[in-house]
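Engineer: Dropping the sequence and predicted coords here.
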Protein chains: 4
Amino acid sequence: MNKGRLEAFSDGVFAIIITIIVLLFDLPKGSHLSDLKEMIPLFLVYLVSFFIIGTHWANHHHLMQVAKKVNGKIIWANHLYLFTMSFCPLVTGWAGRSGFDEIPTITYVITMLLESISYIILQKMIVNSHDCVELKRVVDESKKEAVTIALELAALICAFIAPVRWLTYILLVAKSALWVIPDLRMSRMFDESNKTED
Amino acid sequence: MNKGRLEAFSDGVFAIIITIIVLLFDLPKGSHLSDLKEMIPLFLVYLVSFFIIGTHWANHHHLMQVAKKVNGKIIWANHLYLFTMSFCPLVTGWAGRSGFDEIPTITYVITMLLESISYIILQKMIVNSHDCVELKRVVDESKKEAVTIALELAALICAFIAPVRWLTYILLVAKSALWVIPDLRMSRMFDESNKTED
Amino acid sequence: MNKGRLEAFSDGVFAIIITIIVLLFDLPKGSHLSDLKEMIPLFLVYLVSFFIIGTHWANHHHLMQVAKKVNGKIIWANHLYLFTMSFCPLVTGWAGRSGFDEIPTITYVITMLLESISYIILQKMIVNSHDCVELKRVVDESKKEAVTIALELAALICAFIAPVRWLTYILLVAKSALWVIPDLRMSRMFDESNKTED
Amino acid sequence: MNKGRLEAFSDGVFAIIITIIVLLFDLPKGSHLSDLKEMIPLFLVYLVSFFIIGTHWANHHHLMQVAKKVNGKIIWANHLYLFTMSFCPLVTGWAGRSGFDEIPTITYVITMLLESISYIILQKMIVNSHDCVELKRVVDESKKEAVTIALELAALICAFIAPVRWLTYILLVAKSALWVIPDLRMSRMFDESNKTED
């Protein structure tokens, strides 16, 4: 199987997810500045979500590039990943329009946590499809995934405590910032492993 | 004609279909856990639909890959197939938001049945475009299509009987599970037929 | 300029146009067969629109394939064409939900007429970008464009006359049927012209 | 990193942005000509937005084509650019449905201004990724970016003054008209710089 269509399909889903969030902004009924002010909470959550989705896309892009071939396990890990991603518009809209209430914020963090977990699963499937002990060791030794999950769990705890709930969103931005520059060391390993096997 | 654009167009349609279902979840008005609970039936049908659409995509991906060239018949069989697929968001939303009522569930199963039938037609068109008796025999002998239709007819019957209506959704998941791993035997045949003719 | 991205962009627009029409079906409030019956007029117009858009896509696919390179004129003729196509969901929804009323049907036909005209303009731009007298003659002699416009004008007239308004939709299907199989003669000419110039 | 997926992702976002604006036209409740008349302001703003987005797409297409490789800075400048583009449907709908009121028009112009600024940033990132003094000089000497920003600031001022508010939209169309034909001089420079380095 070639991976071109898996990438094209994923790109389509990413593009739609990141774009339709804007449809959740109801068109203001009036034409006043106050109508814009009402949108600020949703705008802020949209900014956070755009950053998170953009980071996910860049890393998915990078991960797929180093995948040698696409097998059934990778397709289904990718489907699971896109499934969790598909809830972004919904939870963004709910968190933003409720004005950062408790349950919507918790739902938001849990969705982000599930996205990270399914990303790690997808990464595992792709690493496993390469037959290279060296590579597996490098990925296993990476601390980035553990730090990500830890930051998201901290964000989840903050979501329960009203006075520090804003920290939830800061922590989620922080965990995404870790992924802004895709892991070059792993990429170099993949390259070497490709060369060795070819 | 090259098949790249047919794949790109189909991927676009698949990506939109699978993603806009989420737009059918109305944003909750309140911020309570009970608002999430109300979404559970739709969430469950969405899960089933995502699995079915994901399986369809993987098999369509696979089928297209073995197609040698694209003719008018294949384009129109593909259009018919995408037309039936395009009703997924609508019937998913109706079945989920009605809480698995009789008519919405029946509509859901019939849509899935029409999707399977149009997929089988598309497969037939692609097989026929290959000039290979051996290949046609393998496809004709395949029992998978018949089992799929039988499972969907059983699901349709269950939809009429309130106490076992939940079985409808189980049976649809079961028929999709048959297709999780695309038919490798057929694929190998296609490969051989390609080699022979080239 | 390479034409790959123009095709990808156009395919994205086509895929979205053809898919979001389904969002115009309001989810039924009840769970009765009568809720489905109410959708029949919109379903019928959707069927017509899907056939028309599908035919447009197949011909656009075919036209682009024979284009040698993409210049500014072709990009803008293509934008104009996609602009007229983008009204398909709106006019389909209006015609269907109004139950084939006079003004919505007229709006529907005029949109289809504008789509045909902008398609013919795009074709002209692509033919002109080839430097081949022979090819221009073949395209100029083609009667298909004139018959299409004539059928659409007849459909427009029928839209004004209540008792034969259903003929409007039949005539639009008929003009699309003309384009189901892309013009092979022109395609052969393009091929030859390409060979000669290369 | 290859740039194919960045283009595919951007094309998907462009295609969705340009298409979903149509969803902002509420389906008319009645079937009268007056229902269409009500849509005229939104139709006019949609026409302006389609022209602006179409021009952006053509220039993005062109800019990406001359990019040699994609690095982290380019990905994130592109994300910022798509983020500002993603507000097009919202501000188009608000400006159109409010009938060109003051605040919606101001919001519309500011969005267009932010799109231009982020486009210039993206262009800078791509120029910087090429190691060529000559090329940088050409881009630095280009007056087009300054004229664009000046026209948009003039449009912003007009938005505050009711009697000349229509000029706002004329000025925005004028600044886009500057970009209808992508900058060929820069393109030639890129080509030369590519040849020199290869």
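Structural biologist: Okay, I see it.
Engineer: separation between the most centrally placed residue in chain A and chain D?
Structural biologist: The residue lying closest to the centre of chain A (C-alpha atoms, centre = their mean) is A:His56, at 4.1 Å. Distance, A:His56 to chain D, by C-beta to the nearest C-beta, to the nearest Å: 11 Å. Quick note: C-beta positions are derived from backbone N, CA and C, even for glycine.
Engineer: Now do the contacts for that residue.
Structural biologist: Contacts for A:His56 (C-beta atoms under 8 Å, 6 or more residues apart in numbering or on different chains) come out as A:14, A:85, A:115, A:119, A:179.
Engineer: and what of A:Thr19?
Structural biologist: A:Thr19 touches D:13, D:16-17, D:20, D:86, counting by C-beta under 8 Å, 6+ apart.
Engineer: Which of the helices or strands spans the residue of chain A found nearest chain D?
Structural biologist: Nearest to chain D in chain A, going by C-beta to the nearest C-beta, is A:Ala15, at a distance of 2.9 Å. Assigned by DSSP states H and E, A:Ala15 belongs to helix A:4-20.
Engineer: Export that helix to PDB, keeping only CA atoms.
Structural biologist: Taking Å, rounded to 0.1, in the frame of the first residue of the first chain, the C-alpha atoms of helix A:4-20 are listed here in PDB:
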ATOM      1  CA  GLY A   4      -0.100   9.000  -0.400                       C
ATOM      2  CA  ARG A   5      -3.800   8.600   0.000                       C
ATOM      3  CA  LEU A   6      -3.600   8.100   3.800                       C
ATOM      4  CA  GLU A   7      -1.800  11.500   3.900                       C
ATOM      5  CA  ALA A   8      -4.400  13.100   1.500                       C
ATOM      6  CA  PHE A   9      -7.300  11.800   3.600                       C
ATOM      7  CA  SER A  10      -5.700  12.900   6.800                       C
ATOM      8  CA  ASP A  11      -4.900  16.300   5.400                       C
ATOM      9  CA  GLY A  12      -8.600  16.700   4.300                       C
ATOM     10  CA  VAL A  13      -9.800  15.800   7.800                       C
ATOM     11  CA  PHE A  14      -7.300  18.200   9.400                       C
ATOM     12  CA  ALA A  15      -8.200  21.000   7.000                       C
ATOM     13  CA  ILE A  16     -11.900  20.600   7.700                       C
ATOM     14  CA  ILE A  17     -11.500  20.300  11.500                       C
ATOM     15  CA  ILE A  18      -9.400  23.400  11.700                       C
ATOM     16  CA  THR A  19     -11.700  25.400   9.400                       C
ATOM     17  CA  ILE A  20     -15.200  24.500  10.600                       C
END
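Engineer: From what I see, A:Val147 and A:Leu178 are in contact.
Structural biologist: Yes: under the criterion of C-beta atoms under 8 Å, A:Val147 makes contact with A:Leu178 at 6.5 Å.
Engineer: quick revisit: where does the closest residue to the residue of chain A closest to chain D other than its chain neighbours land on pLDDT?
Structural biologist: In this structure, A:Ala15 finds its nearest non-sequential neighbour in D:Gly12, 2.9 Å apart by C-beta to C-beta, 6 or more residues apart in numbering or on different chains. With respect to pLDDT, D:Gly12 has a value of 92.
Engineer: residue contacts, D:Gly12?
Structural biologist: Residues in contact with D:Gly12, defined by C-beta under 8 Å, 6+ apart, are A:11-12, A:14-16, B:12, B:15, C:12.
Engineer: cool, and A:Ala67?
Structural biologist: Per C-beta under 8 Å, 6+ apart, neighbours of A:Ala67: A:3, A:74, A:126, A:129.
Engineer: Does A:Gly93 touch B:Pro28 like I think?
Structural biologist: No: at 9.5 Å, A:Gly93 does not count as touching B:Pro28 under the criterion of C-beta under 8 Å.
Engineer: Between these two, which has more neighbouring residues?
Structural biologist: Using other C-beta atoms under 10 Å in any protein chain shown as the criterion, A:Gly93 and B:Pro28 rank with A:Gly93 on top: 27 against 21.
Engineer: And for that one, nearest residue in space, chain neighbours not counted?
Structural biologist: Per C-beta to C-beta, 6+ apart, closest to A:Gly93 is A:Leu24, 3.7 Å.
Engineer: now swap in A:Val45 and tell me
Structural biologist: Excluding its sequence neighbours, the residue lying closest to A:Val45 (C-beta to C-beta, 6+ apart) is A:Gly96, at 3.8 Å.
Engineer: contacting residues around that neighbour?
Structural biologist: Counting by C-beta under 8 Å, 6+ apart, A:Gly96 has contacts A:24, A:41-46.
Engineer: Burial check on A:Asp140, number of neighbours?
Structural biologist: Neighbours of A:Asp140 under the rule other C-beta under 10 Å: 10.
Engineer: err, A:Ile40, not the other one
Structural biologist: 11.
Engineer: And whatever residue of chain A ends up closest to chain B, how close does it get to C:Ala8?
Structural biologist: Residue of chain A nearest chain B, by C-beta to the nearest C-beta: A:Gly12 (2.9 Å). As judged by C-beta to C-beta, to the nearest Å, A:Gly12 and C:Ala8 stand 10 Å apart.
Engineer: Around chain D, which positions in chain A sit nearby?
Structural biologist: Contact residues, chain A versus chain D (C-beta under 8 Å from any C-beta of the partner chain): A:7-8, A:11-12, A:14-16, A:18-23, A:25, A:27-28, A:31-33, A:35-36, A:50, A:54, A:57-58, A:61-62, A:64-65, A:180-182.
Engineer: same thing but at 6 Å, please
Structural biologist: Where chain A comes near chain D, counting by C-beta under 6 Å from any C-beta of the partner chain, the residues are A:7, A:11-12, A:15, A:19, A:22, A:25, A:27, A:31, A:33, A:50, A:54, A:58, A:61, A:181.
Engineer: of these, buried ones?
Structural biologist: The neighbour-count test (16 or more other C-beta atoms under 10 Å in any protein chain shown) applied to the residues of chain A next to chain D identifies A:7, A:11-12, A:15, A:19, A:22, A:25, A:27, A:31, A:50, A:54, A:58, A:61, A:181 as buried.
Engineer: quick revisit: relative to C:Ile161, which of the contacts of A:Ala67 is nearest.
Structural biologist: A:Lys3 (55.7 Å; C-beta to C-beta).
Engineer: which phi and psi does that closest one have?
Structural biologist: Here is the backbone geometry of A:Lys3 (degrees, to the nearest 10): phi -90, psi 0.
Engineer: Apart from its neighbours in sequence, what residue is nearest it?
Structural biologist: In space, A:Lys3 is closest to A:Val70, 4.5 Å off (C-beta to C-beta, 6+ apart).
Engineer: Isn't that neighbour up against A:Leu6?
Structural biologist: Yes: here A:Val70 lies in contact with A:Leu6, judged by C-beta atoms under 6 Å, at a distance of 5.3 Å.
Engineer: What residues sit buried inside stretch A:63-71?
Structural biologist: Neighbour-count burial for stretch A:63-71 flags A:63-67, A:70-71 (criterion: 16+ other C-beta under 10 Å).
Engineer: Return that stretch as PDB; C-alpha atoms alone will do.
Structural biologist: The C-alpha coordinates for stretch A:63-71 follow below in PDB (Å, rounded to 0.1, in the frame of the first residue of the first chain):
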ATOM      1  CA  LEU A  63       5.700  11.000  11.300                       C
ATOM      2  CA  MET A  64       4.100   9.900   8.100                       C
ATOM      3  CA  GLN A  65       7.100  11.100   6.100                       C
ATOM      4  CA  VAL A  66       9.300   8.600   7.900                       C
ATOM      5  CA  ALA A  67       6.800   5.800   7.600                       C
ATOM      6  CA  LYS A  68       8.100   3.300   5.100                       C
ATOM      7  CA  LYS A  69       4.800   1.600   4.100                       C
ATOM      8  CA  VAL A  70       1.200   1.700   5.300                       C
ATOM      9  CA  ASN A  71      -0.300  -1.500   6.700                       C
END
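Engineer: Quick check: mean pLDDT of it?
Structural biologist: Averaging pLDDT along stretch A:63-71 gives 80.
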